[in-house]
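**Q** Just to be clear, the model below is a prediction. Sequence and coordinates:
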Amino acid sequence: MGKVYLIGAGPGDPELLTLKAARLLAGAEIVLHDALVSNEVLAMTSPAAELINVGKRAGHKLLTQDEINALLVSYAKSRESVIRLKGGDPSIFGRAGEEIEALRKAGVDYEIVPGVTAALGAAAVAGISLTDRRIASQILLSTFSRRVDGSAMDWGSVSSTTTLVLYMPGADYAEVSERLLEGGLPADLPCVIVSNATGSRQQVRWSSVGQLSAEERLPAPALLIVGRVASRDVQGLGESFWGSDQKDRVSQQPSVI
Ligand code: SAH
């Protein structure tokens with residue numbers, strides 16, 4: 001029986017791979033990857049490796065999750081190691097839970113190699129701190145997408161100092177805006193959409209919960225950061241918090257694209 005490595009490919013930039021991920025990819029025999037994994041990361045796999053795209057594009061599934069689980073188990077029976085490569089971190093909205101369950105049931109050894117999840121890549125690209133202690137006390141990684149998780153978002157855990165990161169916000173920003181307003185968020189609460197974070201076509205669009213409905217859709221993959229930290233301005237911060245140095249730093253943040 002071989003071992004399955006569930007590896008995080010990070011949000012796009014291959015330099016954000018862990019050294020461990022890079023080493024395992026360089027020696028890979030077989031790699032089952034998602035559509036989200038960037039070509040630059042795929043280029044780091046051994047030229048001898050067999051690459052299998054098990055991802056889906058534009059909602060068109062290439063393989064069902066059960067089929068992917070079965071493939072992992074069957075390859076593990078004939079290979080020394082099998083790599084399951086996922087965008088971002090494997091454990092964040094990555095269906096790793098189902099794969100782990102299948103591997104455990106089949107008695108296959110596995111190891112998770114964490115990656116930089118899209119929320120962190122997006123925050124870095126936007127140049128913001130997700131837990132700026134003056135205005136944020138917690139981060140909630142969530143999604144409205146029913147396909148991924150049937151359960152509704154837990155609005156009870158959202159406070160005025162929550163930074164909400166919405167994965168898979170979908171194409172309909174008006175609906176997202178409506179649901180955020182329904183959830184009790186104020187219309188003037190800042191938010192930022194980051195598309196293709198850390199990739200060559202990354203885009204950042206600053207907005208607010210109320211304004212979001214009017215924003216032009218950015219290409220997938222994109223995510224939405226909502227909260228007082230999701231602002232280019234020093235909004236929500238008392239003037240006294242900011243010395244001249246910090247003000248300069250803020251004005252150097254990436255501009256709207
Ligand atoms: N396991 C992944 C998330 C998979 S769900 C991770 O940890 O990042 C897919 C969603 O992740 C996309 O719909 C999008 O919301 C987000 N995403 C993934 N890569 C992204 C990127 N480079 N830029 C912005 N959002 C990204």
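**A** Good, I have the coordinates.
**Q** check which helix or strand covers residue 129.
**A** With elements delineated by DSSP states H and E, residue 129 resides in a region that no helix or strand encompasses.
**Q** ignore the last one, residue 76
**A** helix 65-78.
**Q** Dump the C-alpha coordinates for that helix into CSV.
**A** Only the C-alpha atoms of helix 65-78 are listed here, as CSV (Å, rounded to 0.1, in the frame of the first residue of the first chain):
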residue,chain,number,x,y,z
GLN,A,65,-16.2,13.1,-5.6
ASP,A,66,-16.8,9.4,-5.1
GLU,A,67,-14.9,8.6,-8.3
ILE,A,68,-12.0,10.7,-7.1
ASN,A,69,-12.0,8.9,-3.7
ALA,A,70,-12.0,5.6,-5.5
LEU,A,71,-9.2,6.6,-7.8
LEU,A,72,-7.0,7.7,-4.8
VAL,A,73,-7.6,4.3,-3.1
SER,A,74,-6.9,2.3,-6.2
TYR,A,75,-3.7,4.2,-7.2
ALA,A,76,-2.5,3.9,-3.6
LYS,A,77,-2.7,0.1,-4.1
SER,A,78,-0.3,0.1,-7.0
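**Q** Now do the same for it: mean pLDDT, whole number.
**A** Computed over helix 65-78, the mean pLDDT rounds to 96.
**Q** Give the next helix or strand downstream of it.
**A** Read in the C-terminal direction, the helix or strand following helix 65-78 is strand 81-86, with elements assigned using DSSP H and E.
**Q** Am I right that residue 99 sits in a helix?
**A** Yes: when classified by DSSP: H, G, I helix; E, B strand; the rest coil, residue 99 is found to be part of a helix.
**Q** Return the distance of it relative to residue 182.
**A** Residue 99 sits at a distance of 34 Å from residue 182 (criterion: C-beta to C-beta, to the nearest Å). Quick note: C-beta positions are derived from backbone N, CA and C, even for glycine.
**Q** Perfect, I'm done here.
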